[in-house]
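A.B. asks: predicted coordinates and the sequence they were generated for:
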Amino acid sequence: MLELRHVQVLFGQKPVLQDLSFTLKAGQRLGVLGPSGEGKSTLLRLVAGLIKPDSGQIWNPFRHPVLVFQQPRLLPWRSVLDNVQIPLRAQGLSAVQASERAMYWLGQVELAGVAQSWPGELSGGMAQRVALARAFALQPDLLLLDEPFSALDPALRHSLAQVCLRCLEETGAALLYVSHQPRELMRVADSCLLLQKGQGQLFEPASPGDAAAREHLADSLYAQLLSQEALTP
């Protein structure tokens, strides 16, 4: 179980995260919500091990975290298939093993038919699905999503969220998912960590399996988010 206790991260003398505590169990899906500048991306980088806390403690049993950014970050001079299989080759898989696993996950995101295409030939939604296929092909035990769908239109965001959820259910990976969209977030996450002034408050739907309860929580979170942004100078 991932556990953060009283964690603080400073940028210069300014606290970005302060006295932050929460846990994340294996297979749990936790959303992270908050206004811009509240440390959401910093939290993902912290959990991924890219930065260290200035104070507090982190216990992280996850050994294969994978971070997906807002931009797909595909290599434009390599094919879609290569973009998925190159990291697998770097992990030591043979060419055959890497190709087979890459094609499997491209199939899972419904892109097997464009495996030999160039990234420049893809739409924004397709490119982000390639990024998801690449992430799941690496067999993460923890998936870290940093607003990967925010640049897309609402219908496409919903579609990709469903693709992501389906892949999470297949792999059993835990999820830490940053988003500005409470409804999108609660379609995938089990609960939500709302960041305010660097601190976090956990929210859970009254009935986790009830779509109406999850939607009600999303609307409540949206109202709180608007309230926070209105108070931000």
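C.D. replies: Looks like it came in fine. For clarity, every value in this text was computed on a predicted model and none was experimentally measured.
A.B. asks: residues near residue 67, how many?
C.D. replies: Per other Cβ atoms under 10 Å, the neighbour tally for residue 67 reads 20. Yep, even glycine has a C-beta here, placed from its N, CA and C like the rest.
A.B. asks: which strands and helices sit next to the helix or strand containing it?
C.D. replies: Using DSSP states H and E, residue 67 falls within strand 65-68. If you count contacts as 3 or more Cβ pairs under 8 Å, 6 or more residues apart in numbering; DSSP states H and E, strand 65-68 packs onto helix 40-47, helix 124-137, strand 142-146.
A.B. asks: quick one: contacts for residue 225?
C.D. replies: Shown here is residue 225, whose contacts under the criterion Cβ atoms under 8 Å, 6 or more residues apart in numbering are 33-35, 180, 182, 194.
A.B. asks: go with 7 Å
C.D. replies: 33, 35, 182 (Cβ atoms under 7 Å, 6 or more residues apart in numbering).
A.B. asks: nearest to residue 93, out of the helices and strands packed on strand 65-68?
C.D. replies: helix 124-137 (9.6 Å; Cβ to Cβ).
A.B. asks: what does that closest one contact?
C.D. replies: Contacts for helix 124-137 (Cβ under 7 Å, 6+ apart): 66, 68, 72, 74, 80, 83-84, 87-88, 101-102, 105-106, 108-109, 111, 114, 119, 122, 143, 148-149, 151-152, 156, 160, 163-164, 167, 171.
A.B. asks: what segments of the protein are strands?
C.D. replies: 2-11, 14-24, 29-33, 55-59, 65-68, 142-146, 174-178, 191-196, 199-203 (DSSP state E).
A.B. asks: domain map for the protein?
C.D. replies: 1-27+50-61, 64-163 (automatic domain parsing).
A.B. asks: point out the most buried one among those.
C.D. replies: The highest mean neighbour count among the domains of the chain, using mean count of other Cβ atoms under 10 Å, belongs to domain 64-163: a mean of 18.
A.B. asks: which residue is nearest the middle of this structure?
C.D. replies: Centroid-nearest residue in the chain: residue 145, 1.4 Å away (criterion: Cα atoms, centre = their mean).
A.B. asks: pLDDT wise, what is the spatially closest residue to it that is not a sequence neighbour at?
C.D. replies: If the residues on either side of it in the chain are set aside, residue 145 comes closest to residue 177, at 4.5 Å by Cβ to Cβ, 6 or more residues apart in numbering. We have a pLDDT of 96 for residue 177.
A.B. asks: what's the burial count for residue 177?
C.D. replies: Residues near residue 177, counting by other Cβ under 10 Å: 28.
A.B. asks: would you mind measuring from it to residue 147?
C.D. replies: 9 Å (Cβ to Cβ, to the nearest Å).
A.B. asks: cool, and residue 37?
C.D. replies: Taking Cβ to Cβ, one finds residue 37 at 14 Å from residue 147.
A.B. asks: likewise for residue 30?
C.D. replies: In terms of Cβ to Cβ, residue 30 sits 15 Å off from residue 147.
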